[in-house]
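1. here is a sequence together with a model predicted from it:
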Amino acid sequence: MTLRRKKKIGELLCEKSYLEESNLEIALAEQADKTEDRRRLGEILIDFGYVTQSQLNEALALQVGIERVSLIDVSIATEIIALVPAELVSKYNILPLKLESRNPNEGSANGDGEVLAIAMTDPFQPQVIEDLRFVTGYPIRRYFADPKELENAILKFYGSNVARMLDNLTPEEAHAEAEELADSDLSASKLAEMAREPSLINLVNLIILEAIDSKTSDIHIEPFDHEVKIKYRIDGLLQERSPSSKRLRAAITSRIKIMANMNIAERFVPQDGHIEFTGRKGRVDIRVSTVPTVYGESIVMRLLDKTASLLELEELGMDPISLEGFSILLKKNHGICLVTGPTGCGKTTTLYAALQRIYSPTVKMITIEDPVEYQLDGINQMPVNPKRGLTFATGLRHILRHDPDIVMVGEIRDGETANIAIRAALTGHLVFSTLHTNDAPGAVTRLVDMGVEPFLLASSLEGVLAQRLVRKICTRCKEEYMPDDSMIAMLGLEGTTMKFYRGKGCNDCNKTGYSGRKGIFELLRMNSKIRDLITQKAPSEVISKAGSEDHISMLESGIKMIAKGITTPEEVLRVAKTINEDD
């Protein structure tokens, strides 16, 4: 009888296409060099970034004969779910699947001849197996599961950690009496007492942690008559989570306001605050805003992940023509360059990428921002502080006394700031800023409306970059399809041979068909014809038609994204088509 050779871990990783042969050879050479302190191959592969811990766990499981289980559309009996408490599921990231017949070598504490099948992402933790055996009374049979599939299955059968904690804090029998208690009946001291309850502190922390893990940009907490809705903005769209009972409305609001150094006694005027929160991967800055509504204070928390790496210009999604045109603007010695678009469309990210591109120790660069979202090496960054009289306008005046070469103003909000920025651009400074307009030509008319003299604007403005973010098709469930004729007509693509793609919807993208976002852009660079039109106060439609050869509309930029299979026609129409719908 011939014994079957046990495959080595590197061989298994290469077979599954997780590891390149050349990288395996490098790791093996590293292992061979360390004769005295010889490390495991898996540790070296992870340290070098050649494989992930999940990929290594899968290969190790395969090597020792632990089967992989698919959790897509898995069905689990209620009595099986009841065997393992939610606390253990969250703590160990596991999921009970079913009872199976045991092998002769698997003992049975309860003597019924069955073992409990458990899905795990790391099946090599003896303590987890022991704890499960003790709690359930069954021997444990391990299965390896894909981390994303396991996360979605846990969410399906156990609910999110926030949902479970909300249920624990507001049991059904307490709901009725809780509904009778109004926020206005609570004193400031009572609100502070409620907000300092350990369980309430944990709940708010958990809401923020889940939002960070979900790559959320904003958390919305909205009070209504009988409940408080909790929503996360993911990839630009709101996704509702488990709502909270009305009973916790005042306590949740007060806890967040205490964290943000707001006045918890003041419930009838808008307030702004700031939270420095430490997540699993590092520090996250949170901007907090409250507004009074009929049923209490509505809260929005914007998450700024300080651990996220800043993008390069090439990573933003700009097509080569627009990228080349924008790079030309960055080489100017003076003038003003604007980036426009709605809130949350990535304007600041684009400006940071631009500043990093042109940074040099030989130039003085100063920014004034609200707030400073990311700290840039070698660049002086100033946060505005309206309470102390430091606005964009006053800050910009003082910046100009510091002999800067390049200035970045976080946002032009009023005529005073606009005029100072324009005059700075006319006196030999290169100025960058953002503006809220629908498209690039609209920035011209907006500045004129703010009170900027057209002849000054025509002399100082060098270019405007308008942008939006479109959701990218999930690569795991991407499929070819044909949109209906009306959509093709709206894009102006009748008779095209272009292939169209969409996401079918899978666990990786939470059934949305999209994962992540990319920018689409419209660059308008100044030329003599546009400068003449600005002095004549021409409308934005006329200015748009006078654009240079590298002027590409937002819709055209989106169509290029469709052609590359990055996004869908529906997404481009959602984001870009409304810009010119009144034309």
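-> Cool, got the structure.
2. what segments of the stretch 1-150 of the chain are helices?
-> Along the stretch 1-150 of the chain, the segments classed as helices by DSSP state H, counting those that start in this stretch run 9-15, 21-33, 41-47, 53-64, 78-83, 86-92, 126-136, 147-158.
3. whoops, I mixed them up, the stretch 301-450 of the chain
-> In the stretch 301-450 of the chain, the segments counted as helices under DSSP H, counting those that start in this stretch are 320-330, 347-358, 392-399, 415-426, 442-449.
4. report the angle between the second one and helix 320-330.
-> In this case it means helix 347-358. Angle, helix 347-358 to helix 320-330, by axes from the mean of the first three to the mean of the last three Cα atoms, to 10 degrees: 70 degrees.
5. show me what helix 347-358 is packed up against.
-> helix 320-330, strand 335-340, strand 365-369, strand 406-409, strand 430-435, strand 461-473 (3 or more Cβ pairs under 8 Å, 6 or more residues apart in numbering; DSSP states H and E). Placement of C-beta: from N, CA and C, glycine included.
6. and Ile76, how far is that from Glu462?
-> In this view, Ile76 and Glu462 are 61 Å apart by Cβ to Cβ, to the nearest Å.
7. next: Met487.
-> Taken as Cβ to Cβ, the span from Met487 to Glu462 is 37 Å.
8. please apply the same query to Thr512.
-> In terms of Cβ to Cβ, Thr512 sits 39 Å off from Glu462.
9. now tell me which helix or strand of this structure has the poorest mean pLDDT.
-> In the chain, no helix or strand scores lower on mean pLDDT, DSSP states H and E than helix 172-179, which sits at a mean of 43.
10. flag the shaky bits of this structure, pLDDT-wise.
-> 1-6, 34-38, 104-112, 159-188, 190-191, 194-195, 280, 306-309, 577-583 (pLDDT under 70).
11. can you pull up the most central residue in this structure?
-> Taking Cα atoms, centre = their mean as the criterion, Lys215 is the residue nearest the geometric centre of the chain, at 3.8 Å.
12. pretty sure it sits against Ile234.
-> Yes - the criterion here is Cβ atoms under 8 Å, and Lys215 meets it with Ile234 at 6.4 Å.
13. re earlier: how about JSON lines for the helices of the stretch 1-150 of the chain, with distance to Gly317 added?
-> Formatted as JSON lines, the helices of the stretch 1-150 of the chain follow (distance: least, Cβ to Cβ, whole Å):
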{"stretch": "helix 9-15", "distance to Gly317": "32"}
{"stretch": "helix 21-33", "distance to Gly317": "29"}
{"stretch": "helix 41-47", "distance to Gly317": "31"}
{"stretch": "helix 53-64", "distance to Gly317": "28"}
{"stretch": "helix 78-83", "distance to Gly317": "43"}
{"stretch": "helix 86-92", "distance to Gly317": "37"}
{"stretch": "helix 126-136", "distance to Gly317": "42"}
{"stretch": "helix 147-158", "distance to Gly317": "24"}
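14. between the helix or strand where Ile207 lies and helix 147-158, how big is the angle?
-> Ile207 belongs to helix 198-213 when assigned by DSSP states H and E. Orientation check (the same axes, to 10 degrees): helix 198-213 against helix 147-158 gives 140 degrees.
15. re the thing from before, Tyr501: which of the helices of the stretch 301-450 of the chain is closest?
-> helix 320-330 (21.5 Å; Cβ to Cβ).
16. from Ile76, how far out is Tyr352?
-> 46 Å.
17. got it, and Gly495?
-> Taking Cβ to Cβ, one finds Gly495 at 51 Å from Ile76.
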